[in-house]
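*Asks:* Mind folding the following:
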Amino acid sequence: MLSTTPDWHTCTPILPQVAYNVCSILTPENGEAYGIIWEPKDTAGTESLTLSPGPRAGCYWYKARAGDYMSRVAWLAGIRLDKFMIDNAPYVKDLDAPLVGTNLLVCKPGKPEDVHPSGDTQLDALMRIKSAVDRGSYLKQWTETLALQGDYCNWESITCNNDNMVTELILTMKTIGVGLQGTLPPASAFTRLTKLTAINVGDQPTITGPLPADWFQLKQLVDIRVVNNSLNGTIPAAWGSLSKMRVLYLWDNKLTGQIPDTFKAFKFLELFDVSANQLTGTIPAWLGSLTSLEKLVIYENHLSGPLPDSLKNLKVVEVFFVNNKLMGTIPAWLGGLTMLKDLTLDENRFTGPLPDIFTKLSSLQRLRVNDNRLNGTIPASLGSLRRLETLYLGSNGFTGQLPTSLRGLKALQHLTVDYNRLAGTIPAWLSELTELRRLYLGENKFTGTLPDSFKMLAALEELDVEANSLVGTIPASWSRLTHMKRVWLRGNIELGGCLPKSWSGKLDSSRYSGTNITGFC
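*Replies:* Next up, the predicted model:
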């Protein structure tokens, strides 16, 4: 390495610049590069950088101006270039592109943590959080001036305890609307919020980047909800050390990879929702050891394999595994989860019969197994579910008839058995289910006439009987069904008569094409 102080301000074409005050020269013998260090004519003190609070103590944002480049800004800030480039790797993707307008992170080594001029360390932390998530200055209320004039504990997005210590951060559509831009702050931005137990950042499509792995340092956290954003990357395994965690909601992002095995340490976890991501692998067997779980939601991912038997140890109230690639048979041990209120397994690849296991599930309110590959008959024990409100069995291969035991489902509001191979006549006793709002019987092998007794279904809003082998006419008494919004009748070629005139504005002729229905009367 050669050191000199030539009388030039920049490198020449012969000496390409490799840093603000370093040029390189190639030897003619073997092409090796040597550095020549030169002293710029202007000094670091000649031109200052305009800085704003950064995402963590000792760090600031600098908005690059025309003519700025990484090595020059690092030199003016008095920072080693390699450290400066590492700090800004998330923000500068192309070193050849102009920097003008880019927010650069300036972290001065060895600089002690700043305390806000007001002496309020919590305010300093809130400003650092704002700097990370609010690049577009959307949080108008979050200003130092307003915070000093009033109590930030009164902000709708902040919850404090009786000692005015911040305990919850809630940046959602409900509290602030939609408009944040940036990334989730690192753990250092939160360290002065010593009583913070809950972080909730949701409904912000321009919050991007990964989940900060270093949040594992925030040992006091019991509730993390970062939902309906545009976060990507994997779920940090390091979070498994957050031993107090009770609520973890990560749904509706773009997360990939698998559910970390380290989460088996969440012995107090009650609510777990990672739905609507791009997770792969199988449902972890260790989930069965989290006996505090009340809600387990993993729908709309790419999980495969069977339901692990270990889940029989849970006391869950809600289970959602919708729209994955789960396979195998629906296990009989589900009948032992006596606290279940919601069991949702639809849009998977389950095969075999639906087990007759429902006599002990007296709390069940919603059961959805539609869009699988189930076969056999519909189990009679479903009729014991007196609190059941939703029963979705459609798009499977069920055969036989609707069991008469279902007439005991007096609370039922939604019944779908469409796209199966059910036969026989449409049971008149369905009219005893007077809370029904949705009744889907289409695409089966039902025969006979439409029951006149359906006039008793005063709450009915949607009726699907299309693509069966029905005959006769539309009962005139159905004119009493004044809440009807949608009716599907097509494909019953021997069905005739006319429709109640009160329905004329609610359905077009395509809904009864392929029948002998003449219109409205």
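
*Asks:* and the spatially closest residue to residue 264 that is not a sequence neighbour, what is it in contact with?
*Replies:* What sits nearest to residue 264 in space, not counting adjacent residues and going by CB to CB, 6 or more residues apart in numbering, is residue 286, at 4.0 Å. Using the backbone N, CA and C atoms, a C-beta is placed for each residue, glycine as well. Residues near residue 286 by CB atoms under 8 Å, 6 or more residues apart in numbering: 261, 263-264, 310.

*Asks:* Now list the buried members of the residues you listed.
*Replies:* Among the contacts of residue 286, those scoring as buried are 263-264, 310 (criterion: 16 or more other CB atoms under 10 Å).

*Asks:* Among the residues you listed, which lie within strands?
*Replies:* Among the buried ones among the contacts of residue 286, DSSP state E puts none in strands.

*Asks:* Export those residues as TSV, with columns for pLDDT.
*Replies:* Compiled in TSV, the buried ones among the contacts of residue 286 are given as follows (pLDDT from 0 to 100):
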residue	pLDDT
263	98
264	97
310	97
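
*Asks:* Narrow the contacts of residue 286 to those in helices?
*Replies:* Among the contacts of residue 286, none falls in helices (DSSP state H).

*Asks:* Among these, which one lies nearest to residue 209?
*Replies:* Residue 209 has its nearest neighbour among the contacts of residue 286 in residue 263, at 21.3 Å by CB to CB.

*Asks:* Show me the helices in the stretch 151-300 of the chain, by range?
*Replies:* 173-176 (DSSP state H, counting those that start in this stretch).

*Asks:* Where does the prediction get shaky in it?
*Replies:* Within the stretch 151-300 of the chain, no range satisfies pLDDT under 70.

*Asks:* which stretches of it form strands?
*Replies:* Counting by DSSP state E, counting those that start in this stretch, the stretch 151-300 of the chain has strands at residues 158-160, 166-171, 182-183, 198-202, 207-210, 223-227, 230-234, 247-249, 254-257, 271-273, 278-279, 295-297.

*Asks:* What of the stretch 301-450 of the chain?
*Replies:* With DSSP E, counting those that start in this stretch as the criterion, the stretch 301-450 of the chain has strands at 304-305, 318-320, 325-329, 342-344, 349-353, 366-368, 373-377, 390-392, 397-400, 414-416, 421-425, 438-440, 445-448.

*Asks:* Just tell me which of these ends up closest to residue 51.
*Replies:* strand 318-320 (46.7 Å).

*Asks:* mean confidence score for the longest helix seen in the chain?
*Replies:* The helix that spans the most residues within the chain, counting by DSSP H, is helix 121-133. For helix 121-133, mean pLDDT rounds to 90.

*Asks:* Equivalent analysis for stretch 496-508, please.
*Replies:* 84.

*Asks:* Tell me which residues of that stretch come out buried.
*Replies:* 497, 499-500, 503, 507.

*Asks:* cool, stretch 203-210 as well?
*Replies:* 203-204, 206-208.

*Asks:* ends of it, how far apart?
*Replies:* For stretch 203-210, the first and last residues are 16 Å from each other (CA to CA, to the nearest Å).

*Asks:* can you list contacts of that stretch?
*Replies:* Contacts of stretch 203-210 (CB under 8 Å, 6+ apart): 90, 133, 136, 171-174, 178-184, 201, 226-234, 236.

*Asks:* one step back: right, and the strands of the stretch 301-450 of the chain - which one's nearest residue 222?
*Replies:* strand 318-320 (19.8 Å).

*Asks:* And the contacts of the longest helix of the chain?
*Replies:* By CB under 8 Å, 6+ apart, the surrounding residues in contact with helix 121-133 are 52-57, 61, 114-116, 139, 142, 144, 147-148, 152, 158, 165-166, 169, 171, 180-186, 189-193, 201, 204, 207.

*Asks:* are any of those buried, and which?
*Replies:* 53-57, 61, 116, 139, 142, 144, 147, 152, 158, 166, 169, 171, 180, 182-186, 189-193, 201, 204, 207.

*Asks:* Export the strands of the stretch 301-450 of the chain to JSON lines and append columns for mean pLDDT and mean neighbour count.
*Replies:* Output for the strands of the stretch 301-450 of the chain, formatted as JSON lines (pLDDT from 0 to 100; neighbours: other CB atoms under 10 Å):
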{"stretch": "strand 304-305", "mean pLDDT": "97", "mean neighbour count": "14"}
{"stretch": "strand 318-320", "mean pLDDT": "95", "mean neighbour count": "20"}
{"stretch": "strand 325-329", "mean pLDDT": "97", "mean neighbour count": "16"}
{"stretch": "strand 342-344", "mean pLDDT": "97", "mean neighbour count": "20"}
{"stretch": "strand 349-353", "mean pLDDT": "98", "mean neighbour count": "16"}
{"stretch": "strand 366-368", "mean pLDDT": "98", "mean neighbour count": "21"}
{"stretch": "strand 373-377", "mean pLDDT": "98", "mean neighbour count": "16"}
{"stretch": "strand 390-392", "mean pLDDT": "98", "mean neighbour count": "21"}
{"stretch": "strand 397-400", "mean pLDDT": "98", "mean neighbour count": "16"}
{"stretch": "strand 414-416", "mean pLDDT": "98", "mean neighbour count": "21"}
{"stretch": "strand 421-425", "mean pLDDT": "98", "mean neighbour count": "15"}
{"stretch": "strand 438-440", "mean pLDDT": "98", "mean neighbour count": "22"}
{"stretch": "strand 445-448", "mean pLDDT": "98", "mean neighbour count": "16"}
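
*Asks:* Export those strands to CSV and append columns for distance to residue 95.
*Replies:* Formatted as CSV, these follow (distance: least, CB to CB, whole Å):
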stretch, distance to residue 95
strand 304-305, 41
strand 318-320, 45
strand 325-329, 41
strand 342-344, 49
strand 349-353, 47
strand 366-368, 52
strand 373-377, 53
strand 390-392, 54
strand 397-400, 59
strand 414-416, 57
strand 421-425, 63
strand 438-440, 58
strand 445-448, 67
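
*Asks:* so which of those strands comes closest to residue 107?
*Replies:* Of all the strands of the stretch 301-450 of the chain, strand 318-320 comes closest under CB to CB, at 42.4 Å.
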